[in-house]
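Novice: Any chance you could fold what I've pasted below:
(one chain, ligands or ions: 1)
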Amino acid sequence: MVIKKNLSLQTYNTFGLPAKAANLIKINSEVQLKATLKLPYQPIFILGGGSNMLLTKDVAGLVLKNEIRGISVIRKNKETVALKIGGGENWHTFILWCIKQGYGGVENLSLIPGTVGASPIQNIGAYGVELKDVFLKLDAIEIATGKKRTFTKEDCLFGYRDSVFKKTLKGQYFITAVYLQLTHRAHQLNMDYGAIKKILEERKIKRPTIKAISDAVIHIRATKLPDPADLGNSGSFFKNPEISRQQFEQLQKRFPAIVFYDLPNNQVKVPAGWLIEQCGWKGKRVGNTGAHAKQALVLVNYGAATGQEIEALAYQIVDSVYKRFGIRLTPEVNII
Ligand code: EPU
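Specialist: Model prediction:
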């Protein structure tokens, strides 16, 4: 077992932040993981693709990098296929594999950075689809005991960019495998999202395939969201806030152009990107950081930023949005 010491995590997080790990071990099997958990290191920190975290300091103890690979078909029925995917598989590489096999259900989630093992933690979602829509179960190892546990969909308590692994069980389980149910025929395509429709029309595609949808999503993301390889970022930095209808109606009187989506239970969702843009942050640079010029919800590292600088910018944005709209934004990324 190779233990890397005092290792820079710069290439291990998509913000490209230079925090260090006191110790890091790459995990490629459950057996190796169980043996590693017997070593006397504390605390233990689990790393996937590093695409949803802001490292504001060095990481003490032991970092476990999930590199458990493998994709297998565990069941195939008339229309559906159940897959077991190693937690360390790259999410987008997995999607491309699905498209090649003709497996549908995850094409709207193309180009999301990160690993398969991290996908349930924040119930990744984009363009009208969330992980929970195709999720069957997952296998995980409890860090404190080394015991294996299977979590059903109900156990995961999925919500909007949320699960039990962000709440009561935060940091307590290492996700070794995720099981998804996809379709191999009679795909249920999700094209409600305006930008997808527009691209399919432009491309004169009348009967879209899962590949056509994946290509459209890749195109939208590539034009709006910065590629972490060029400009460090962690996707959406904040969640889209959900407010009461009453609060929304008050706001709409003051800001008639406010963008919104109705939710059940008398709630309204307002895009954080719109709120941030209204406060003048879109494309604004503060030292080595800033809010992206094409999508204000994405905070970026212009190269030499520290995690603390990005955190400071995030708090300035939270304050200004609160002062103007009375809405307190909450981070979507994990601040470490
Ligand atoms: N908007 C602005 N200014 C901006 C950005 C957005 O006015 O700078 C407004 C526009 O009106 C736009 C609306 O906000 O129509 C929504 O923007 P967009 O379609 O880009 O989606 P989003 O709500 O900002 C969410 C997810 C993304 C996901 C997209 C597409 C969250 C926190 N973010 O962003 O997920 O790709 O929808 O489904 O829910 C991520 O989680 O990291 C992520 C990128």
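
Novice: Give me every residue in the stretch 101-250 of the chain lying close to the ligand.
Specialist: By Cβ under 6 Å from any ligand atom, the residues of the stretch 101-250 of the chain that approach the ligand are Ala126, Tyr127, Arg161, Lys224, Gly235, Ser236, Lys239, Asn240. Every residue, glycine included, has its C-beta placed from N, CA and C.

Novice: Hmm, Asn52 and the fifth one touching each other?
Specialist: It stands for Gly235. Yes. Under the criterion of Cβ atoms under 8 Å, Gly235 makes contact with Asn52 at 7.0 Å.

Novice: Now for these two: what residues contact both?
Specialist: Contact criterion Cβ atoms under 8 Å, 6 or more residues apart in numbering; residues shared by Gly235 and Asn52: Glu332, Val333.

Novice: So which of the residues of the stretch 101-250 of the chain next to the ligand are in helices?
Specialist: Lys224 (DSSP state H).

Novice: out of the residues of the stretch 101-250 of the chain next to the ligand, which one sits closest to Asp139?
Specialist: Closest approach to Asp139 among these (Cβ to Cβ): Arg161, at 22.5 Å.

Novice: where does the closest residue to that closest one other than its chain neighbours fall, helix, sheet strand or coil?
Specialist: If the residues on either side of it in the chain are set aside, Arg161 comes closest to Gln122, at 4.8 Å by Cβ to Cβ, 6 or more residues apart in numbering. Classification of Gln122 by DSSP: H, G, I helix; E, B strand; the rest coil places it in coil.

Novice: burial count for Gln122?
Specialist: Gln122 sits with 24 neighbouring residues when counted by other Cβ atoms under 10 Å.

Novice: give me every residue that touches it.
Specialist: So Gln122 contacts Asn52, Arg161, Asp162, Ser163, Lys166, Glu332 (Cβ under 8 Å, 6+ apart).

Novice: Can you show me the helices along this structure?
Specialist: Going by DSSP H, the chain shows helices at 30-36, 91-101, 153-156, 194-202, 210-224, 245-254, 272-278, 307-325.

Novice: For Leu299, find the nearest of those.
Specialist: Short answer: helix 307-325, nearest of these by Cβ to Cβ, at 5.8 Å.

Novice: now the nearest residue to Gln295 once chain neighbours are set aside: how far from Leu109?
Specialist: Leaving aside its chain neighbours, Gln295 sits nearest to Lys224 (5.1 Å; criterion: Cβ to Cβ, 6+ apart). Going from Lys224 to Leu109 by Cβ to Cβ, to the nearest Å gives 16 Å.
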